[in-house]
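Novice: Sequence and computational prediction follow.
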Amino acid sequence: MAEPLVHFQDATVIRNGRTALSGINLKIDAGESVAILGPNGSGKSSMVKVMAGDLRVYAGKGEVTIRGLRRWNLFELRSILGIVSNDLQTDCKGSTKGLDLVLSGYFGSYGSIPLEKVTQEMVEHSKSCLDMVEAGYLADRSFEEMSSGEMRRVMIARALVHEPQALLLDEPTTSLDMRASHEFLETVSSLARRGTAVILVTHYLEDIVPEIGRVVLLKNGKVFCDGRRDEVLSEKNISELFDMPVKLTGSNRVHATISIGEGED
């Protein structure tokens, strides 16, 4: 039997003296697209950092494995999970051209590339990755001249150079305006339709593209609910998750509105 892509087993994580994740049990199989939804402070960023190898579970309090590995380094991880986050984006050098930034993914850097080690195959594959996210026109544009949405798409292309088994997108639409957010999520949908598995971590219900079939709700460092999107994304669950009454609309792309004055005359 194949090892799960990601497996949290009774995992507890302590950050800055407080429990960020408590007894988490979560298994994500290869090829599965999953959304992890929760409010600020629910433990989402800690979960991402654990998967990225930046945090470890508390000693003696469960374990987390990536494809069966209990320990992994950057070079092992990047062919399993292609991570795209705001933290990584801020590490990029502003003057770096789009193509060079994608190429730098081969070397674990953020723009700096050893030219003597770059092959024509790497260049062609990097261009192909930019085309996959409809960002080929950004190959010669510097990072500092790109919009936030363009930066995100280039970062996805950078993650794709290793042909990872899944993309891990951490709060992908934060700081994007309405149009940029829509265009970015269309890119995510397109990748998912082509067979790229997506693990999307967000506090925005609207980020959950139709191609994601499973939703995990995270609250106070624990899994609050986990299952099929049509079962999990109910008004009752989302109201309890965010501690406020909400109304949900839409089918393929669910939207939430705050229900103010519910039950009042």
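Specialist: Received the coordinates, thanks.
Novice: Surely T65 forms part of a strand?
Specialist: Yes: per DSSP: H, G, I helix; E, B strand; the rest coil, T65 lies within a strand segment.
Novice: Local confidence estimate at it?
Specialist: On pLDDT, T65 comes in at 93.
Novice: That one against H7, yeah?
Specialist: Yes: T65 is in contact with H7 according to Cβ atoms under 8 Å; the separation is 4.8 Å. (Each C-beta comes from the backbone N, C-alpha and C, glycine too.)
Novice: Can you pull out the low-pLDDT segments for the protein?
Specialist: 1, 59, 88-89, 91, 93, 251-252, 259-265 (pLDDT under 70).
Novice: just the helices in it please.
Specialist: Using DSSP state H, the helices of the chain run over 44-52, 74-77, 86-90, 98-104, 120-132, 148-160, 178-193, 229-232, 235-242.
Novice: For G149, the count of nearby residues, please.
Specialist: By the criterion of other Cβ atoms under 10 Å, G149 has 21 neighbours.
Novice: residues touching the closest residue to it other than its chain neighbours, list them.
Specialist: The shortest distance from G149 to any non-neighbouring residue, by Cβ to Cβ, 6 or more residues apart in numbering, is to A180 (3.2 Å). Contact analysis of A180 by Cβ atoms under 8 Å, 6 or more residues apart in numbering lists S147, S148, G149, T173.
Novice: If we use 10 Å, what do you get?
Specialist: For A180, the contact set (Cβ atoms under 10 Å, 6 or more residues apart in numbering) comprises S147, S148, G149, E150, M151, R152, R153, T173.
Novice: where's the third one relative to R214, distance?
Specialist: G149 sits 26 Å away from R214, going by Cβ to Cβ, to the nearest Å.
Novice: Could I get the contacting residues of the residue most central in space within the chain?
Specialist: With distances taken as Cα atoms, centre = their mean, the residue of the chain nearest its centroid is L169 (1.5 Å). Shown in contact with L169 (Cβ under 10 Å, 6+ apart): 35, 48, 82-85, 152, 155-156, 159, 184-185, 188, 191, 198-202, 207.
Novice: switch the cut-off to 7 Å
Specialist: Going by Cβ atoms under 7 Å, 6 or more residues apart in numbering, L169 touches V84, V188, V198, L200, V201.
Novice: Serialize these to TSV and add fields for neighbour count and distance to H125.
Specialist: Converted to TSV, these look like this (neighbours: other Cβ atoms under 10 Å; distance: Cβ to Cβ, whole Å):
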residue	neighbour count	distance to H125
V84	23	18
V188	27	21
V198	21	21
L200	25	25
V201	23	27
